[in-house]
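>>> Structure here, sequence nowhere to be found:
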């Protein structure tokens, strides 16, 4: 049986970890922490997502469920951070509450338009809850480690017995986190994960329509935008994207002074054309600065021209003290 390897990361990993290099060493997917409860956003999520896309990895976001937070409050936080085309996995473990909250969270995430293909709920926490039925919930992303000794991906995987794949609560284990001490791309310690199947099969589980890619390149653009004061950039809108986001590192921000939606140039109208009454900041008498930071990356809706045509780009004038990542999709 084919096995597809990956990893899961959060702000606990430093920027020295190269996702491109982890893919070169055999990791085809990555699960990224996006949020926790109703108030916390992982400050590295945006940059990690952009890097994963650039590396061609299958990516999903996970949200840590907190027992003192309603399911809707969790969803509201996710909606501020995670693009709708990225699958979301509830992370249910210490201080996450019971399965009733998880069921509500899964239902509300799906109602909000997110794919929820997996559920992280390790066996030990399931037993702590009294071994309840998990019927009707997504397949499991489970975790179990043979030991805590460091080692390469191959060394760690060689120690995993077949019994670690046994399901519980009425669900199968689809993905297994089999170590927290892997060394990959020269970085350690890392959580390493396995899927028993091909990359194409995992893409289908995660709900990606293009089975061999993390994104549809006809519709999505990720680009690094340099720092500057009153700088101008155009974010390309290929296909029919719905939103744009600006992702910054923790403690940083981008101020957008002007925004307009540029239409494709036509032979009969070579001058620049914009979506009428869309965007902001073009009236010199009205200050309309919009601030983006790790807690407020977007989304910003991309309008259509009244005649139904799609803009060719998002034109921004901005000020930023550090480079940032723009995502259109």
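Arrived safely, thanks for sending. What you see is a predicted model; the values in this text were computed from it and never measured. Residues are numbered from 1 along each chain as shown.
>>> can you give me the helices for the protein?
Assigned by DSSP state H, the chain shows helices spanning 19-24, 45-55, 71-81, 99-111, 123-128, 153-157, 199-206.
>>> Can you tell me which of those helices is packed in deepest?
Highest mean neighbour count among those (mean count of other Cβ atoms under 10 Å): helix 45-55, with a mean of 23. For glycine as for every other residue, the C-beta is placed from the backbone atoms N, C-alpha and C.
>>> okay, now the nearest residue to residue 142 once chain neighbours are set aside: neighbour count?
In this structure, residue 142 finds its nearest non-sequential neighbour in residue 173, 4.6 Å apart by Cβ to Cβ, 6 or more residues apart in numbering. Neighbourhood size, residue 173 [other Cβ atoms under 10 Å]: 20.
>>> For residue 173, which residues are in contact?
By Cβ atoms under 8 Å, 6 or more residues apart in numbering, residue 173 lies in contact with 139-142, 164-167.
>>> Give me the distance between it and residue 83.
Between residue 173 and residue 83 the computed distance is 27 Å (Cβ to Cβ, to the nearest Å).
>>> So which of the helices of the chain is nearest residue 13?
helix 45-55 (8.5 Å; Cβ to Cβ).
>>> so what pLDDT did the closest residue to residue 296 other than its chain neighbours get?
In space, and not counting its chain neighbours, residue 296 is closest to residue 80: 6.8 Å by Cβ to Cβ, 6+ apart. Here the pLDDT value assigned to residue 80 is 89.
>>> The protein - how does it break down into domains?
4-206, 221-328 (automatic domain parsing).
>>> quick one: which of these has the weakest pLDDT on average?
Taking the mean pLDDT of those, domain 221-328 comes last: a mean of 83.
>>> First residue to last residue on it, what's the distance there?
Terminal residues of domain 221-328 are spaced 5 Å apart (Cα to Cα, to the nearest Å).
>>> for it, the distance to its chain's centre please.
Domain 221-328 has its C-alpha centroid displaced from the chain centroid by 21 Å (Cα atoms, centre = their mean, to the nearest Å).
>>> just stretch 81-96 next, same as before
Centre to centre, stretch against its chain (Cα atoms, centre = their mean), the figure for stretch 81-96 is 9 Å.
>>> For that stretch, list every residue counted as buried.
81-83, 85-92, 96 (16 or more other Cβ atoms under 10 Å).
>>> which ones are touching the closest residue to residue 61 other than its chain neighbours?
Distance criterion Cβ to Cβ, 6+ apart; nearest residue to residue 61, sequence neighbours excluded, is residue 34 at 3.9 Å. Each residue near residue 34 by Cβ under 8 Å, 6+ apart is listed here: 41-42, 45, 61-63, 78, 81-82, 88.
>>> Repeat the analysis, applying 6 Å as the threshold.
42, 45, 61, 63, 81-82 (Cβ atoms under 6 Å, 6 or more residues apart in numbering).
>>> Also residue 46?
Neighbours of residue 46 in contact, by Cβ under 6 Å, 6+ apart: 247, 297, 325.
>>> Could you pull up the residues touching the second one?
Same thing as residue 297. Contacts of residue 297 (Cβ under 6 Å, 6+ apart): 46, 245-247.
>>> Please apply the same query to residue 179.
With Cβ under 6 Å, 6+ apart, residue 179 has these contacts: 145, 156, 192.
>>> wait, which of those is closest to residue 261?
Closest to residue 261, out of all of those and judged by Cβ to Cβ, is residue 192, at 42.6 Å.
>>> For that closest one, give me its contacts.
Contacts of residue 192 (Cβ under 6 Å, 6+ apart): 7, 153, 156, 179, 182.
>>> The first one contacts residue 27, correct?
Yes - in terms of Cβ atoms under 6 Å, residue 7 counts as a neighbour of residue 27; the distance is 5.4 Å.
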